[in-house]
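> Provided below for reference: sequence and predicted model.
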Amino acid sequence: MYDVAERSGVSIATVSRVYRTPDSVRAQTRERVLEAARQLGYVPSGNARGLASRTTGVLGLCFPDMADPDAEADAEADSDADDAVMLYSDQIIRGMERAARRHGYALLIAASLEGGPESVAKVAGRVDGFAVLAQTVPTEDLEVISRRLPVVMIAGPREIDHLDHIVVANADGERELARHLIEDHGLRRLAFVGGEVESPDAEARFRGFREACRDAGLPVPDAPDLRAEIMTQAEGARTAEALLDREGERPEAMLFANDQMAVGALRALERRGVRVPEDIAVTGFDGIPLSRIVRPSLTTVRQPIRQLGEQAVELLVQRLGDSGREPVSLMLPVSVVRRASCGCG
C-alpha cells in the first residue's frame with residue numbers, strides 16, 4: 001500500500017478509500033491508484049485490514065438451497081438462457097452484491113447450512129453483518145449471532161423484534177391477482193397451489209387468495225387445493241396434473257405460489273393438450289425473468305427481488321454505523337403483471 005501511494009502520488013488513506021469506498025474518490029485519482037496497483041501487482045490484504053480495523057470488510061447472506069433441476073437443465077441446454085432462468089435467490093444475490101460493492105464490502109454466500117449451529121457460527125465469524133432468508137437459521141441461533149453482529153431478516157414474519165426486517169406485500173399481491181381473475185375474466189373455480197406450511201411467503205400469498213375469494217362471495221378454502229414439497233418446476237407439473245385428474249369439474253384457473261411451479265404447470269398442461277388460457281388460466285408469483293419468455297407468457301405478481309438484497313445491505317451498513325438505532329421493518333410493494341396466461345396481452 002505504501003508503494004502504491006508513492007507511485008500514484010496520493011496518501012495511504014486515499015489508497016485505502018479507493019478499495020473500501022471507491023465512490024468517495026474522484027474518478028481520475030481512483031484510476032491513477034488502480035493503475036499503480038496493477039503495475040505493482042498489489043492486492044489489498046483482507047486479513048491485514050481486519051487486524052487494523054477489527055472488521056472483515058465482508059457481509060454474509062444465508063439462504064436455503066432451493067435449486068431447481070429443471071431450471072438448471074434449461075440453462076445448460078441454452079448458454080444464452082442464464083439470465084432468463086435466474087431464480088429468486090439469484091436475484092437477491094445480485095442485489096446484495098451490487099449494494100455491497102457500492103459500500104466497499106465483499107459478499108460471502110452460504111446456502112443450506114447443513115452443519116447446524118457450528119456452520120452458522122463459522123459463517124458469522126467471518127462477516128461484519130449477516131442477512132438471512134426466512135426459515136434458514138433457527139431463531140435461537142439468530143438470537144445468539146445478533147448479540148455480536150448486525151442481522152437483517154429477509155422475508156417471512158419478524159421472528160425477533162430487535163432485528164431489522166424486510167418483506168414484500170405478499171398477501172396484497174396475491175389478493176389483487178385473484179381479484180383480477182374473478183372480476184376482469186369472470187373466473188369462479190380457482191385452485192391455489194401453495195408450498196409447505198413452514199413457507200411464510202407462500203402462506204401469506206394463500207392468505208391473500210382467501211381474502212379475494214371472501215370479497216367475491218366465493219367459497220373460502222381452509223387450505224390450498226394442493227401443496228408442493230419444494231416449489232420447483234417439477235412440483236408445478238405434478239400438482240397441475242393432479243388437479244386435472246381430480247374428480248369433479250376442472251378449475252378455470254390455477255394460481256401457483258411462485259413462478260417456478262407455474263412454469264412447470266404450463267409445460268405439463270401443454271403435454272396433456274390443455275390450452276392456456278382458453279381452457280385454464282395459469283398464474284405465478286415473483287416475476288422472475290423466465291416468466292416473461294415462456295409461452296404463453298406468465299401472468300404473475302412481480303416483487304422487487306433485487307431491491308430486497310440491496311435494502312438488506314443498506315440496513316446492515318446503517319446498523320454498523322449506528323448500533324443503537326431503532327430496528328426497522330420494511331414492506332416493499334409488489335405489482336400484478338397481466339400477460340397471456342390469464343387471457344391478457
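Received the coordinates, thanks. Residues are numbered from 1 along each chain as shown.
> rest of the way, CA atoms for contacts and neighbours
Noted.
> show me the contacts for Asp279.
Shown in contact with Asp279 (CA atoms under 8 Å, 6 or more residues apart in numbering): Glu252.
> What pLDDT is listed against it?
For Asp279, the pLDDT comes out at 97.
> and it, what are its phi and psi?
Here is the backbone geometry of Asp279 (degrees, to the nearest 10): phi -90, psi -40.
> Against Leu190, how distant is it?
13 Å (CA to CA, to the nearest Å).
> What is the burial count for Asp184?
If you count neighbours by other CA atoms under 10 Å, Asp184 ends up with 11.
> any chance you could map the strands in this protein?
58-63, 106-111, 129-133, 151-154, 164-168, 190-194, 226-227, 253-256, 281-283, 300-302, 329-332, 335-337 (DSSP state E).
> do you know which of those lies nearest Ala37?
strand 106-111 (18.9 Å; CA to CA).
> Can you list the helices and strands that the closest one packs against?
Using 3 or more CA pairs under 8 Å, 6 or more residues apart in numbering; DSSP states H and E as the contact test, the elements touching strand 106-111 are strand 58-63, helix 88-102.
> Which positions in that strand come out as buried?
Buried residues in strand 106-111, counting neighbours by 16 or more other CA atoms under 10 Å, are found at Ala106, Leu107, Leu108, Ala110.
> Just give the nearest non-adjacent residue to the third one, would you?
So that's Leu108. Spatially, and ignoring its direct neighbours in sequence, Leu108 is nearest to Gly60 (4.7 Å; CA to CA, 6 or more residues apart in numbering).
> how many neighbours does that neighbour have?
Residues lying near Gly60 (other CA under 10 Å) number 23.
> Equivalent analysis for Val220, please.
Neighbour count of Val220, defined by other CA under 10 Å: 14.
> partners of the residue nearest to Leu108 in the sheet?
With DSSP bridges as the criterion, Gly60 is bridged to Leu108, Phe130.
> List the residues that contact it.
Leu107, Leu108, Ile109, Ala110, Val123, Ala124, Val127, Asp128, Gly129, Phe130, Ala131.
> Nearest to Gln303 among those?
Ala131 (18.3 Å).
> Let me know whether that closest one touches Glu314 as I believe.
No: assessed by CA atoms under 8 Å, Ala131 is found out of contact with Glu314, at 10.8 Å.
> more neighbours, the two?
Ala131 (24 against 17).
> Tell me the spacing between the more buried one and Glu35.
For Ala131, the distance to Glu35 - CA to CA - is 34 Å.
> Tell me where the model's unsure across the stretch 1-150 of the chain.
The stretch 1-150 of the chain contains residues with pLDDT under 70 at 43-54, 65-86, 112-122.
> repeat that for 90
For the stretch 1-150 of the chain, the stretches flagged by pLDDT under 90 are 1-2, 11-25, 37-57, 60-91, 104, 108-127, 130, 133-149.
> returning to that earlier point: which of the strands of the chain sits closest to Arg17?
Closest among the strands of the chain, once you apply CA to CA, is strand 106-111, at 14.5 Å.
> Give me the distance from the closest one to the chain's centre.
Strand 106-111 has its average C-alpha position 14 Å from the chain's average C-alpha position, going by CA atoms, centre = their mean, to the nearest Å.
> quick one: that strand to helix 88-102, angle?
For strand 106-111 against helix 88-102, the angle by axes from the mean of the first three to the mean of the last three CA atoms, to 10 degrees is 160 degrees.
> Not counting strand 106-111 itself, show me its contacts.
By CA under 8 Å, 6+ apart, strand 106-111 touches 57-65, 96-97, 100, 123, 127.
> let's see 7 Å
Gly57, Val58, Leu59, Gly60, Leu61, Cys62, Phe63, Pro64, Asp65, Glu97, Ala100 (CA atoms under 7 Å, 6 or more residues apart in numbering).
> Phi, psi for the nearest residue to the first one once chain neighbours are set aside please.
Setting aside the residues directly before and after it, Gly57 is nearest to Tyr105 in space (CA to CA, 6+ apart), at 5.1 Å. The phi and psi torsions at Tyr105 (degrees, to the nearest 10) take the values phi -110, psi 150.
> Pull the contacting residues for Tyr105.
Per CA under 7 Å, 6+ apart, neighbours of Tyr105: Arg20, Gly57, Val58, Leu59.
> of these, closest to Tyr42?
Closest to Tyr42 out of those is Arg20 (14.7 Å), distances taken as CA to CA.
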